[in-house]
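*Asks:* turn this into a model:
(2 chains)
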Amino acid sequence: MTQIKYHDAERILREKDMPFVKSFLVSSKDGLNVLSQMVFPLAAKVMSQDIVHKSDMGLVRINIDSMEKAISVYDDFQRIIKEKAPNAKVDGILFQEMMSGMEFIIGLKKDTTFGHVVMFGLGGIYVEVFKDVTFRICPITYDDAMSMIKEIKSFPLLNGVRGSRPADINRIAGTLVCLSEIAAEHPNIEEIDLNPLIVDKNGSVGIVDVRIITPTGNL
Amino acid sequence: MLDEKTFQSLEALHNPKSVALIGASREEGTVGNGLIKNMLGQTMYPSKGKKYEGKIFPINPKADEMMGLKCYHSILEVPDSVDLAVIMVNSKFVPLVLEECGKKQVKTVIIISAGFSEVKNYDGEKQLVDIARKYNMRILGPNCLGFINCTNGLNASFAPSIPSAGSVAFVSQSGAIVDAVIDMVTSYSFGFSSMVSIGNQCDIEITELIEYYEQDPNTKVITGYVESLKDGKKFLEVCKKVSKTKPIVLIKSGKSARASLAAASHTGKLAGSHEIFEAACKQAGVLLVDTIEDLFDFSEAAACAPRLEKNAVLIITNAGGCGVLTTDYCDDEGLGLCDISKETIETLDKSPVMNQTYSRRNPLDIIGDAGPARYELALKAAIADPNVYGILVLETLQTTTKPLETAKVILDASKTTKKPIICAIVGGDYSKPGIDFLEQNGMVVFTETQKAVKAMKFLLHKR
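*Replies:* Predicted coordinates for the structure are as follows:
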């Protein structure tokens, strides 16, 4: 089981109009110009299947609040890669608009008995402790998606608590339906992880990372 | 819809005009002996109900006569046609006799014999399926307890007795559990339409039986014990359809066997096979329960009581404490408690039968000195109350209670309404006459109020 290229994974999500946060993969210093189209602050991380422990190596940065900072982060990353992972195949540096808020987990998995299954639930670092997740067998309808979202114990958080606006639940439901569609269009996909899906104080929904796994790493 | 071919094969299983017993034996203590005795209605422990009235052909090369019937040396010698055959011979002889069944144009075969995929003899089992395909035959098993149709008395199994006829079908992936269930229900007036032990499920599978019972007029509720499914998608599709007309209640084992953690993602780690099966049941409208007792408690409720049209229930109780407990359970289970209408309160206020310290709200506490007359009044008012869609009748035993008369009052009330009435008679020996009376007359009764609440909630699912 291998992850497909990040670039391809992101493309699939964007083609389906899924709420992926604005990101650009910068593969050259000149490419940094594209960041002027984005809203700071940004987060940046190195995209390379050969580099697994990115944050440990200092290859993940957040709160990049200016173009100058972005350029210096880019240079810094190049230096670290040269020093610590000179033979890694690097696809580029991914700059993303930052989103913060409640974290949820959304994914898809191929089950041997039932085929593709979608999952939704409360995310964050304690996800495997709370296991507040629900599943549905694909294909799912919009109503199936809404009912699974409402089923999680943490659903009241999505309805707006402590000053937060209610979440754009329709968008989350749409995302789940999209996952089901992607599974139908690409039956060899073994797993998709969209973790975390972030719901910010305004109720806006954004996906920050995607991993798509197939038997060979090809779609 | 079940295709015609499958339907005919399952019909031959349920209503065969003739049955051949291959491996029937005169030797005491063998499966072959137990089964032929069962077919003749001579079960080890007393059984109620009908005896099978079709033709029975014992097949054993070493006998010409068995238990008063002519015994043939091979199924091919039987002059009549044979709808159903039961094979009980050693595994190494099964392919041979199965071929003979094929040549005899038997529609369906129950293979009791063990020694196949359960002992990793996959080739041996595949061989059986190939033979069956060649002759357009269907196989139940192998390695199963057999099949019981309580409605017509067909007992093609080596179970120690059979239960009385009822309207619940039970399909089990464990033969031992079928036996356990048969023994368990002897103490209740609980009946079944059919009981199927599917064994290794090499051919006929759970999903097909579920679909068959959808159109079976003898079955109102479909229950099952499941360990593994062959085709999950088909199961989901069939259950979605069938649960629209008949409740399906299942118990599944294998919760603790987590899916392998080879997955690279959270999704993979969190999606164990039991969680996914639970999701499938939710999507398909199947009720998944934890214990065998729950399986039958809810099936009984679904078979005997009408549907709960709206989640709005009234509790009538002669015990304040029970009322409070039950309210807690309703909250836990999501069972909605309605408000009593003004008219109901007026009716109860006016009646000399009521103790005027009664609660005037839901739970309707009719006070500990309530007797049959007060239960009758409360029930009549509840039945007339448009806010009330279902009634939970709680009863504890006081000197004034008169369990049997109260039971009669409850039964009479139930006949005047389509609203489901479930009783929780919290007692034991002294309340038993009332409990027995209600059960024998098709009312749903529990001794534990939590079960009554869960059963009532389940009636929301009933179509």
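*Asks:* any chance you could map the helices in the stretch 51-200 of chain B?
*Replies:* Applying DSSP state H, counting those that start in this stretch to the stretch 51-200 of chain B gives helices spanning B:94-103, B:122-134, B:175-184.
*Asks:* where among those is average confidence lowest?
*Replies:* With a mean of 82, helix B:175-184 has the lowest mean pLDDT of the helices of the stretch 51-200 of chain B.
*Asks:* what residues sit buried inside stretch B:282-301?
*Replies:* Buried residues in stretch B:282-301, defined by neighbour count with 16 or more other CB atoms under 10 Å in any protein chain shown: B:282-289, B:294-301. Backbone N, C-alpha and C define where each C-beta goes, glycine included.
*Asks:* correction: stretch B:87-99
*Replies:* Residues of stretch B:87-99 classed as buried: B:87, B:88, B:89, B:91, B:94, B:97, B:98 (neighbour count, 16+ other CB under 10 Å).
*Asks:* just checking, the second one touches residue B:22?
*Replies:* To tie it back to what came earlier, the one meant is residue B:88. Yes - using CB atoms under 8 Å, residue B:88 is in contact with residue B:22, at 6.6 Å.
*Asks:* and after the one helix or strand in chain B whose mean pLDDT sits lowest, which helix or strand comes next?
*Replies:* Ranked by mean pLDDT, DSSP states H and E, the helix or strand of chain B with the weakest confidence is helix B:266-270, at a mean of 61. Using DSSP states H and E, the helix or strand that follows helix B:266-270 in sequence is helix B:273-284.
*Asks:* partners of the helix or strand just after that next one in the sheet?
*Replies:* With elements assigned by DSSP H and E, the helix or strand that comes after helix B:273-284 is strand B:287-289. Strand B:287-289 has its sheet partners listed here by DSSP bridges as strand B:248-252 (parallel).
*Asks:* which SSE is immediately downstream of the strand or helix carrying residue A:81?
*Replies:* Following DSSP H and E, one finds residue A:81 within helix A:67-84. Counting by DSSP H and E, the next helix or strand C-terminal to helix A:67-84 is strand A:92-97.
*Asks:* tell me the phi and psi of residue A:102?
*Replies:* phi -80, psi 140 (degrees, to the nearest 10).
*Asks:* a markdown table for the helices of the stretch 51-200 of chain B, including distance to residue B:385?
*Replies:* Shown next, in a markdown table, are the helices of the stretch 51-200 of chain B (distance: least, CB to CB, whole Å):
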| stretch | distance to residue B:385 |
| --- | --- |
| helix B:94-103 | 61 |
| helix B:122-134 | 58 |
| helix B:175-184 | 37 |
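*Asks:* tell me the contacts of residue A:27?
*Replies:* Residues near residue A:27 by CB atoms under 8 Å, 6 or more residues apart in numbering or on different chains: A:91, A:92, A:93.
*Asks:* what do you get if the cut-off is 6 Å, keeping everything else the same?
*Replies:* residue A:92 (CB atoms under 6 Å, 6 or more residues apart in numbering or on different chains).
*Asks:* over to residue B:424?
*Replies:* Counted by CB under 6 Å, 6+ apart, residue B:424 has contacts B:394, B:446, B:449, B:452.
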